[in-house]
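Engineer: kindly generate the corresponding structure for this input.
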Amino acid sequence: MTAWGKDQGIEDSMVKFLGDPSGAFTKALDMEMTHPGPASVGIIGRCKRFAMHVVDGAVKGVAVAESEFDPAGDDFPEKTLAPALIEMAKES
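Structural biologist: Numbers count the residues shown, from 1 in each chain. The predicted structure is shown next:
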C-alpha cells in the first residue's frame, strides 16, 4: 500500500490507503464479493470495489461499484472515483 500511495502522490495528503490482507475488515463491512463468477476462476474473498467518506471515524457515505452484469465493478467504477467522492463529501 505504501508503494501504491507513493506512486499516486498521496503523501502528506488527507487520503489514506489501507490494506486488508486477512479480509476481516471486508467481511465486517459486508463488502466481500460473493458472486459465483469470480469464484469460478479462483478469485475467492475479493473485496467489492467501494469507497468510503469517513470523518473523524464516522462514515459519512459509502459508494459501491457493482451491478448484476459487473459484480466486481471493474467496467463502471465511476461511483467510487474521485469526482463522485468529492460530490459525496460536499453533500455530507
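Engineer: only C-alpha atoms from now on, for both contacts and neighbour counts.
Structural biologist: Fine.
Engineer: show me where the protein has helices.
Structural biologist: 2-8, 24-28, 36-40, 82-91 (DSSP state H).
Engineer: stretch 51-71: end-to-end distance?
Structural biologist: Chord length of stretch 51-71, first to last residue, is 15 Å (C-alpha to C-alpha, to the nearest Å).
Engineer: return the set of buried residues in that stretch.
Structural biologist: 51, 53, 63, 64, 65, 66, 71 (16 or more other C-alpha atoms under 10 Å).
Engineer: rewinding a little: including mean neighbour count, could the helices of the chain go into JSON lines?
Structural biologist: Putting these into JSON lines (neighbours: other C-alpha atoms under 10 Å) gives the following:
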{"stretch": "helix 2-8", "mean neighbour count": "11"}
{"stretch": "helix 24-28", "mean neighbour count": "13"}
{"stretch": "helix 36-40", "mean neighbour count": "12"}
{"stretch": "helix 82-91", "mean neighbour count": "12"}
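Engineer: farthest-apart pair in the buried residues of stretch 51-71, please.
Structural biologist: The two members of the buried residues of stretch 51-71 with the most space between them (C-alpha to C-alpha) are 53 and 71, at 21.7 Å.
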